[in-house]
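Asks: Okay, sequence plus prediction incoming.
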Amino acid sequence: METFVLLLAGGLVTGAIYALVAAGYAVLYTATGFVNFALGAQAMVAGYLTYAAFVDLPVVVRILIAVAGSVLLSVLSWVLIYRRVAEKDMLAGVIMSFGFSIVLAEVVQLVAGGIPRPARSPVGSTAHSLGPLSISNHSIAVLAVSAVLFALLGLVLSSRGGTAIRAMFQDKEMAETLGIPTHRVTLWLFALSGVFAGAAGVLAAPILSLSPHMGTRLALIAFVGAVLGGLGTIRSAIAGAVLLGLLEAFFAGYISSDWRATLVFGVFIAVLVVRPAGVLGRIATVKV
């Protein structure tokens, strides 16, 4: 029972981090159909900005700089790199985002070096015992920050802006006809995805350690989680990423930690074959 509780807590923590990146994917995809694979690299950059740069500044200021940097990368990448290509060929734009993530990783490696380095949690490493469960301050912070961000996202989606997002996904041209500023909404969505990626990087670095390629793992696993739940719905994408974190933890704890990557991508293939819309998603109906 103790092992089960520990694995459950660990799976929820890692799943929450995956869910932050998955939320960034889904926020963009549900409105524009675009998948920004550079979100993982943006999370990595945010981690370096928090724990390796500006070390003389207070940690709160460093976190704000990291999140702002991720937002700036999101918006500028759309305006300067993806937009013109994606409006003509969405798949080409998606491939460009993967290439941009590689560029970011290589730039960080040139500047900061490729050797992984530990990142000290801003809330300390003190652990608290709750019955059979021992949980650290950082794990509590991961769960709390993720819950707050998801709650705020829910408020945004239930507002008038959420209606505009759904309208854009269903018919962009009709949304523009109705007066919805689709280009402006898209910029805001890229900025919002940058917030989630930045938060994921700040929270993931003390767990994964800082390395230029930590974002690749985050990007791929979060994408698998989003597909598992259903990329076309933000809530489903978040739930799928959390579920994948739990599956990964229990698989590592009860079977083998060496086969975790096999599990992740095995799940990805199985979902695409059996239920492409995701286990929680709904197959969209298109009216002609």
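Replies: Cool, the structure landed.

Asks: who touches Ala92 in this structure?
Replies: Ala92 makes contact with Val85, Ala86, according to Cβ atoms under 8 Å, 6 or more residues apart in numbering. Every residue, glycine included, has its C-beta placed from N, CA and C.

Asks: For it, give me the pLDDT.
Replies: The confidence metric pLDDT takes the value 91 at Ala92.

Asks: Could you do the one 10 residues further on as well?
Replies: What the model reports as pLDDT for Ile102 is 94.

Asks: which residue sits closest to it, ignoring its sequence neighbours?
Replies: Ala41 (7.8 Å; Cβ to Cβ, 6 or more residues apart in numbering).

Asks: Verify the contact between that neighbour and Ser97 for me.
Replies: No. Between Ala41 and Ser97 there is no contact under Cβ atoms under 8 Å: 9.2 Å.

Asks: neighbour-wise, which of those two wins?
Replies: Ala41 (33 against 23; other Cβ atoms under 10 Å).

Asks: residues in contact with that one?
Replies: Applying Cβ under 8 Å, 6+ apart, the residues near Ala41 are Phe100, Ser101, Ile102, Leu104, Ala105, Gly215, Thr216, Ala219.

Asks: Then Ser97?
Replies: Counting by Cβ under 8 Å, 6+ apart, Ser97 makes contact with Phe34, Val35, Asn36, Phe37, Ala38, Ser77, Tyr82.

Asks: In helices only, show me those.
Replies: Residues of the contacts of Ser97 located in helices (DSSP state H): Ser77.

Asks: Which of the contacts of Ser97 fall in strands?
Replies: Per DSSP state E, strands hold no members of the contacts of Ser97.

Asks: got a winner among the contacts of Ser97 for most neighbours?
Replies: Asn36 (33 neighbours).

Asks: how much space between Gly113 and Ala277?
Replies: 43 Å (Cβ to Cβ, to the nearest Å).

Asks: Between these two, tell me which one has more neighbours.
Replies: Ala277 (17 against 12).

Asks: ok, the contacts of Ser97 vs Val202, which is closest?
Replies: For these, the residue nearest Val202 by Cβ to Cβ is Ala38; the value is 17.0 Å.

Asks: phi, psi of that closest one?
Replies: The phi and psi torsions at Ala38 (degrees, to the nearest 10) take the values phi -80, psi 0.

Asks: Please apply the same query to Asp56.
Replies: phi -80, psi -10.

Asks: residue contacts, Asp134?
Replies: Small correction: residue 134 is Ser, not Asp. By Cβ under 8 Å, 6+ apart, the residues touching Ser134 are Leu6, Ala127, His128.

Asks: So which of those residues are in helices?
Replies: Reading helices off the contacts of Ser134 with DSSP H, I get Leu6.

Asks: Now, of the contacts of Ser134, which are buried?
Replies: Leu6 (16 or more other Cβ atoms under 10 Å).

Asks: Now tabulate the contacts of Ser134 in a markdown table and tack on pLDDT.
Replies: Listed next are the contacts of Ser134 as a markdown table, based on pLDDT from 0 to 100:
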| residue | pLDDT |
| --- | --- |
| Leu6 | 87 |
| Ala127 | 81 |
| His128 | 79 |
